[in-house]
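Engineer: sequence unknown, structure follows:
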């Protein structure tokens, strides 16, 4: 339901006045400074622990020395400190207003169970968010080496079509409705190996937050959700070297080097060289692209916290045509941000520039080339004001994007999708300006609500209101609920094809929108080891004006032709997290979700609709300090449009020669066979030679040798020869791998 | 502690998500029919018996020859029947879909007239022909106009060579192939075309050849829209079309120089080079795909071609 702008203004105004006036009385009291330190049981400072004053909006994070401070009114307060890998602890403090600051020391117990498993909900981030830390990722049996984006499909409501593509569908959303951000900076397509791998060295990362049902107010989209990746903080001096069958990488951190905390990480593959040795060389279709990536992060803590991030990823195909240049693609990001706090006010600003490109040049024919360049400059500025039981955040976003696509090569069909023209030019830019405001309010008894809106100030006018509520509904049972409208101003032509590279992106003058409703009921029994957690998450989404590529079979010069359709998705997920005293971890989820599109008044499954999905992860300590990790996935096959018939098209002037023409059946009226995978891994770590060593032995896809890919039916039948079998599967075979990691 | 006895339950749960693919193989019992009427005057091409193919569509990788209970094609103007006979072919048309499909027709038209029956040589341009066939309880009907033969003439004026031809009755479009042209085969509804003499030198024959094929509306529609299932037919997939072919030679003017950007070709020229045999052996029939000369927003207005 659309709210008239005048009514919206009235509503927002009343809410903000109520929010601002009510809590201001708290600061009429005398205040005093509280300085604290968070340490582990052996006295080591715990960095980046979240400390909050229970029942208020006041939250802070510890410094690299484990310290924090608050300015509080005199009285009795309860502080809660938490950090992934430690047991949360609450302490009470009571103090009088005085000149000298009070001090408090909070001791947290190490809780290894928290970082076991493939994800954790003991997160420092807010509601309806699942987090995968570096340690989580390393426990999942890896495809060659640990990969953040390989963990995400194990989460409830997340679907990946198959092993050979990195497209992620969140809660029934399309693949191009999933956004990726590096420390808040937007990325375009940070994938290696034709979309199979994420282009992040896990050793350089702190965590990834998967936000499906509740996005930060700063995000204008994407409709499906966001994967927010955070690099490690360089709060100590370490070197981390990793060797796997796929690549080698090194990550180094330096703390307080010329007052800067520096993280530098690089990774390069040699799998292409190994593949060449075993006969999968340049002339093979299975040749592995060459890839490399690097990440540099510099931070200067102080009165104004400042940081900058540089990220680079590059892939290069082996195939050289006629002495030209092979297909290469990659992305480069530079982003910087600053934040400062003055009293109850916090101001922050960030700016980033991302440049993604795809290039190819054939030596056979002049002009046979691909040049795709997509740049994205993003600026965000915001202020936050905190009161005792309320918080107000307001700010602006500005995006400037420019895309130049030009290709005149059939290689573009292989690189992007086979339904695009072989010759194409596109040059467009987009300027967006948006404002946002959100308030948060403690309601008492552990309940909290937020209310806000984003307004599109330039381009199409869109008001996107949002609301959330969280709190306990019974002992041990917590509920998070969110209602959001989202708007997205770009589109990719289709999901990335198997073996394809990044899809070019096109701008929308009028956005695609979604209205999302979700709730999560969490039941917890116990804490740390021996605890059981259950999450039940029903959701429903309504999509408006989702672009759908239409192939004009007569006027092919009209490309791309996009029509707008409505769609919806709904479902629910049940997730279990069980940890034993003996160190075993069981995580599993069942998701039922449907995704439908309405085309010409007919409801039909979306291309990624997969009604049933089961995931499981089991980690068991076994003998000689080895840990056995088992990860399994099973889900319904995805829909596909069958070929209803093959008819003939006359070829030439003879009456006995024909070409084949395949006629599509009803859209998405058939379904591929189910996807099943079981991965095993054995891992062990030990100390020696002044370093911590870890070794991982893994076998992927152990029981199910092959899974069906999302077939392109035209290519599928063309490759079948005279066989009538359609059960041929070309998914991932059994993949053994070995990895060694050293940290010192 | 992990209860090991629960592990089999996990397997049971996983089986919920397991299923074989459904609806992937579709079989179509509809008849598929192909007949492109043409007169034997195909220029330099050897005269072939004209055949029609009647098959069951079957699966996307295998069609099957199909017998007709009755197979009648008549010229509407005078009601004369055509002299068709069955070749008695049966079995599957099981070919490699990656290649050109070779499927000899199972009904063949006599070359010459036989009594009251018309042979291929008796077909006349500009006339309407009607098909009435019956096969396994399905009645197939169709109608087509056999275009008149185009009559090309070559005009040389001020160093420019223009080929012109008459507007053939029954023709909806023309496929024009000139061996001196880089564009390969071009489809046009016009009746004139400027020759550019821009084909690469190795492909230039000593005596250039010009071929014009007049297409009836069924044929034109069937090859230009890749979603068309049936053209000129009722109750069958396929094509009941007609073409007329004219061929001539011409001279390359001494002053001829390549003219115009070959990228100005219409979009379908690249695809048609696959459909039409190359005018000379070893000719790649290269033609560039189209360029969309415009800046546009996919979410906004449609592509507006400038070029």
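Structural biologist: Perfect, thanks for sending it. This one's a predicted model, so the numbers in the text were calculated from it and none came from an experiment.
Engineer: are we agreed that residue B:251 is in a strand?
Structural biologist: No - counting by DSSP: H, G, I helix; E, B strand; the rest coil, residue B:251 is not found in a strand; it is coil.
Engineer: so the closest residue to chain B within the stretch 201-350 of chain A is in which element?
Structural biologist: Nearest to chain B, among the residues of the stretch 201-350 of chain A, is residue A:221, at 13.9 Å (C-beta to the nearest C-beta). The C-beta positions use only the backbone N, C-alpha and C, and glycine is treated the same way. Under DSSP states H and E, no helix or strand contains residue A:221.
Engineer: what about the residue nearest to it when sequence neighbours are not counted, how many residues close to it?
Structural biologist: Distance criterion C-beta to C-beta, 6 or more residues apart in numbering or on different chains; nearest residue to residue A:221, sequence neighbours excluded, is residue A:488 at 3.5 Å. Number of residues near residue A:488 (other C-beta atoms under 10 Å in any protein chain shown) recorded here: 23.
Engineer: please apply the same query to the one 3 residues further on.
Structural biologist: The criterion is other C-beta under 10 Å. On that basis, residue A:491 has 24 neighbouring residues.
Engineer: hang on, the earlier thing: what residues are bridge-paired with the residue nearest to residue A:221?
Structural biologist: With DSSP bridges applied, residue A:488 shows beta-bridge pairing to residue A:512.
Engineer: need the pLDDT of it.
Structural biologist: Here the pLDDT value assigned to residue A:488 is 93.
Engineer: does it touch residue A:219 like I think?
Structural biologist: No - using C-beta atoms under 8 Å, residue A:488 is not in contact with residue A:219, being 10.0 Å away.
Engineer: show me where the stretch 1-150 of chain B has helices.
Structural biologist: B:7-16 (DSSP state H, counting those that start in this stretch).
Engineer: quick one, strands of it?
Structural biologist: Secondary structure of the stretch 1-150 of chain B by DSSP state E, counting those that start in this stretch: the strands cover B:28-37, B:50-59, B:62-65, B:70-75, B:84-86, B:92-93, B:101-102, B:107-109, B:128-135, B:138-145.
Engineer: is chain A within reach of the fifth one?
Structural biologist: This means strand B:84-86. No - Strand B:84-86 lies out of reach of chain A by C-beta under 8 Å from any C-beta of the partner chain, never closer than 12.8 Å.
Engineer: what strands flank that strand, and is each parallel or antiparallel?
Structural biologist: strand B:107-109 (antiparallel).
Engineer: who's in contact with the partner strand?
Structural biologist: Strand B:107-109 has contacts (C-beta atoms under 8 Å, 6 or more residues apart in numbering or on different chains) with B:49-54, B:68, B:71, B:82-87, B:119-120.
Engineer: returning to what we had before: could you tell me the least trusted of the strands of the stretch 1-150 of chain B?
Structural biologist: Here the lowest mean pLDDT among the strands of the stretch 1-150 of chain B goes to strand B:101-102, at a mean of 82.
Engineer: any weak-confidence spans in chain B?
Structural biologist: Within chain B, the segments meeting pLDDT under 70 span B:1-25, B:41-48, B:94-99, B:201-205, B:254-307.
Engineer: kindly recompute the last result at 50.
Structural biologist: Per-residue confidence for chain B (pLDDT under 50) gives these ranges: B:1-18, B:44-45, B:260-307.
Engineer: can you give me the domain boundaries for it?
Structural biologist: B:2-146+B:226-240, B:273-307 (automatic domain parsing).
Engineer: tally up the residues packed near the nearest residue to residue B:249 once chain neighbours are set aside, please.
Structural biologist: What sits nearest to residue B:249 in space, not counting adjacent residues and going by C-beta to C-beta, 6+ apart, is residue B:207, at 5.0 Å. By other C-beta under 10 Å, the residues close to residue B:207 number 9.
Engineer: report the buried members of the contacts of strand B:107-109.
Structural biologist: For the contacts of strand B:107-109, a burial check counting by 16 or more other C-beta atoms under 10 Å in any protein chain shown picks out B:50, B:51, B:52, B:53, B:54, B:68, B:71, B:82, B:83, B:84, B:119, B:120.
Engineer: show me which of those is closest to residue A:185.
Structural biologist: Within the buried ones among the contacts of strand B:107-109, the smallest distance to residue A:185 is 60.8 Å, found for residue B:53 (C-beta to C-beta).
Engineer: need the contact list for residue A:350.
Structural biologist: The contact partners of residue A:350, taken as C-beta under 8 Å, 6+ apart, are A:184, A:185, A:335, A:336, A:337, A:338, A:378, A:379, A:380.
Engineer: show me what it bridges to in the sheet.
Structural biologist: Bridge pairing for residue A:350 - DSSP bridges - gives residue A:337, residue A:380.
Engineer: per-residue pLDDT, it?
Structural biologist: 95.
Engineer: what pairs with the helix or strand where residue B:193 lies, and is each one parallel or antiparallel?
Structural biologist: In this structure, residue B:193 sits in strand B:192-195 according to DSSP H and E. Sheet pairing here is set by DSSP bridges, and for strand B:192-195 it gives strand B:160-164 (antiparallel).
Engineer: report the buried residues of the partner strand.
Structural biologist: By 16+ other C-beta under 10 Å, the buried positions in strand B:160-164 come out as B:161, B:163.
Engineer: what does stretch B:126-137 give?
Structural biologist: Residues B:127, B:129, B:131, B:133, B:135 are the ones in stretch B:126-137 that count as buried (16+ other C-beta under 10 Å).
Engineer: now the fourth one: how far from chain A?
Structural biologist: Which is residue B:133. To chain A, residue B:133 is 16 Å away according to C-beta to the nearest C-beta, to the nearest Å.
Engineer: quick check, that residue in contact with residue B:84.
Structural biologist: No - assessed by C-beta under 8 Å, residue B:133 is found out of contact with residue B:84, at 9.6 Å.
Engineer: quick check: neighbours shared by the two?
Structural biologist: B:71, B:72.
Engineer: retrieve the pLDDT associated with the nearest residue to residue A:82 once chain neighbours are set aside.
Structural biologist: Among residues not flanking residue A:82 along the chain, residue A:88 sits closest, at 4.1 Å (C-beta to C-beta, 6+ apart). Per-residue pLDDT puts residue A:88 at 78.
Engineer: also residue A:118?
Structural biologist: 56.
Engineer: excluding chain neighbours, what is closest to residue A:56?
Structural biologist: Take residue A:56 and drop its neighbours on the chain: the residue closest to it by C-beta to C-beta, 6+ apart is residue A:388, 4.9 Å away.
Engineer: picking up where we left off before, widest-spaced pair of the contacts of residue A:350?
Structural biologist: Checking the contacts of residue A:350 with C-beta to C-beta, the most distant pair is A:338 and A:378, at 15.1 Å.
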